[in-house]
Every structure is written in structure tokens, then in C-alpha cells.
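Novice: quick one: sequence plus predicted model below, questions after.
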Amino acid sequence: MKDSPTILRFLHALRALGVLVDIDDFGTGFSNISYLWHFPIDRLKLDRSIVNSLSSHPESSVIAKAIIALAHQLNITVIAEGIETPEQAEVLKSAECDLAQGYFFAKPAPIETHRNVLGRRQMAETIS
């Protein structure tokens, strides 16, 4: 990100091709809040360390809700990663987080398992 004009041109070119631009692990490491308005960002992934601490540290909930609200004001979709408990899911749902992923919803599985589940879901929708 040191060569900001070059990165900016590159990101705009990717978006022109229909590629969505995400920021991964937002809230830790090198993710800078200024990226949200400086670069053409479509989605940000709320880092799992923030999600993991939702149950044990009340201040994490405040931070997660603030990040989600800020992103929404900038028309950025928020994905919470690493959700493992119903409490974490509920906090993020109440904060209007857009998308969620983690073991709470499903554990990793072979592709055939996912095909079977999707096939059953499509069949159930067709029947009903």
C-alpha cells in the first residue's frame, strides 16, 4: 500500500472487470481504517480475533458494532469470520452484520458433503 496511486489504479481496474475487492482480517495487523474510504472496497472481513473475544470481553462487542456501522455508512458489506458460538452469532446479528462464517454454521467437509446438502435443499425448495 506504499504506492497508493498504483494500487488505486489496479483496484479500479479489477472492479471494472467485475472483481469484488475485500479487506481480510480487518481490525488487526496492517488493516488501516483509512483504506475504507481511500480504496474502492466492496467488503471487509471482521477478524476472527474480534469475533472470538465477543463472549469474554464486552468492549469487543462495542468495537465490532462500530466497525459494522462505519462500513455500512460507506456502503461496504461486512463478513464476520470465525463464529463458533450462538452468543457470537447473536451479537453480530444484532449489529446487522451482513454475512457470517464459522464452525457455528458448519464445519469443513469434503465437497461431496456440500453437494449432497445443496442437492437436498434444492429438492426441498422444488417440492414445497
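Specialist: That came in fine, so what should we check first? Residues are numbered from 1 along each chain as shown.
Novice: Ala87 - how many residues pack around it?
Specialist: You called it Ala, but residue 87 is Glu. Neighbour count for Glu87, taken as other C-beta atoms under 10 Å: 14. Using the backbone N, CA and C atoms, a C-beta is placed for each residue, glycine as well.
Novice: so which strand or helix has the residue lying closest to it once chain neighbours are set aside?
Specialist: Closest residue to Glu87 apart from its sequence neighbours, by C-beta to C-beta, 6 or more residues apart in numbering: Ser55 at 5.0 Å. According to DSSP states H and E, Ser55 maps onto no helix or strand at all.
Novice: check contacts around Ser55.
Specialist: Ser55 makes contacts with 85, 87-88, as judged by C-beta atoms under 8 Å, 6 or more residues apart in numbering.
Novice: closest one to Gln101 out of the residues you listed, please.
Specialist: Gln88 (11.6 Å; C-beta to C-beta).
Novice: among the contacts of Ser55, name the ones in helices.
Specialist: Taking DSSP state H, the ones among these that sit in helices are 87-88.
Novice: which single one of the contacts of Ser55 is nearest to Pro40?
Specialist: For the contacts of Ser55, the nearest to Pro40 is Gln88 (29.6 Å; C-beta to C-beta).
Novice: so where is this structure shaky, pLDDT-wise?
Specialist: Across the chain, the ranges flagged by pLDDT under 70 are 1-3, 118-128.
Novice: now do the strands in it.
Specialist: 22-26, 43-46, 77-80, 99-100 (DSSP state E).
Novice: buried deepest among the ones you listed, which one?
Specialist: Per-stretch averages of neighbours, counted by mean count of other C-beta atoms under 10 Å, single out strand 43-46 among the strands of the chain, with a mean of 23.
Novice: so what's the gap between it and the chain middle?
Specialist: 4 Å (C-alpha atoms, centre = their mean, to the nearest Å).
Novice: number of residues surrounding the closest residue to Thr28 other than its chain neighbours?
Specialist: Closest residue to Thr28 apart from its sequence neighbours, by C-beta to C-beta, 6+ apart: Asp47 at 4.6 Å. For Asp47, the count of nearby residues is 21 (other C-beta under 10 Å).
Novice: can you check Ile111 too?
Specialist: Ile111: 7 surrounding residues under other C-beta under 10 Å.
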